[in-house]
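Participant: Fold the following for me, if possible:
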Amino acid sequence: MAFEIPFWNRKDGFYDLTPNEVINNPDNFKEEYSRTMKADMTYPIDIMKNNGRWLILDGLHRLVKSKILGYSKVKVRKIPRSEVPNIEKQGRFKKPI
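Facilitator: Here you go, the predicted structure:
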């Protein structure tokens, strides 16, 4: 389901490109596909629970690459909601992996 949400931009677009479009048409979206395939899988995907749903804070390209490579599991790091103000101030979550 998340792969049908337009998180990315087409050339001259604005949040009008879905991960599934990139997955299914890599030749049409070479730049985004390349960025996805270069994603560093050594880092976990940062997620946070909000109103009972898990949200991706960082790592969408890693998640999409995982799907392309056929992974059934991915590493995640659960970020407490209480840390969001620190992330906003510092630009990243400071807890070690």
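
Participant: Low-confidence stretches in this protein?
Facilitator: Applying pLDDT under 70 to the chain picks out residues 1, 91-97.

Participant: can you pull out the strands in it?
Facilitator: Listed in chain order, the strands of the chain (DSSP state E) span 45-50, 53-58, 76-78.

Participant: now these in JSON lines, with mean neighbour count and distance to D16?
Facilitator: Where you see a C-beta, it was placed from the backbone N, CA and C, and this is true even at glycine. Compiled in JSON lines, the strands of the chain are given as follows (neighbours: other CB atoms under 10 Å; distance: least, CB to CB, whole Å):
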{"stretch": "strand 45-50", "mean neighbour count": "16", "distance to D16": "23"}
{"stretch": "strand 53-58", "mean neighbour count": "14", "distance to D16": "19"}
{"stretch": "strand 76-78", "mean neighbour count": "14", "distance to D16": "27"}
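
Participant: could those be laid out in TSV, adding distance to E21?
Facilitator: Shown next, in TSV, are the strands of the chain (distance: least, CB to CB, whole Å):
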stretch	distance to E21
strand 45-50	20
strand 53-58	18
strand 76-78	24
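
Participant: quick one: contacts for the residue nearest the centre of the chain?
Facilitator: Nearest residue to the geometric centre of the chain (CA atoms, centre = their mean): L60, 0.9 Å. Taking CB atoms under 8 Å, 6 or more residues apart in numbering, we find L60 in contact with F7, P19, I45.

Participant: Now with 10 Å, please.
Facilitator: Applying CB atoms under 10 Å, 6 or more residues apart in numbering, we find L60 in contact with A2, F3, I5, F7, W8, P19, T36, A39, I45.

Participant: Pull the most distant pair out of the residues you listed.
Facilitator: I5 and A39 (17.8 Å; CB to CB).

Participant: neighbour-wise, which of these two wins?
Facilitator: When neighbours are counted by other CB atoms under 10 Å, I5 and A39 differ, and A39 comes out ahead with 17 against 12.

Participant: Just give the number of residues close to the residue nearest to that one when sequence neighbours are not counted.
Facilitator: Leaving aside its sequence neighbours, A39 sits nearest to H61 (CB to CB, 6 or more residues apart in numbering; 4.0 Å). When neighbours are defined as other CB under 10 Å, H61 has 21 of them.
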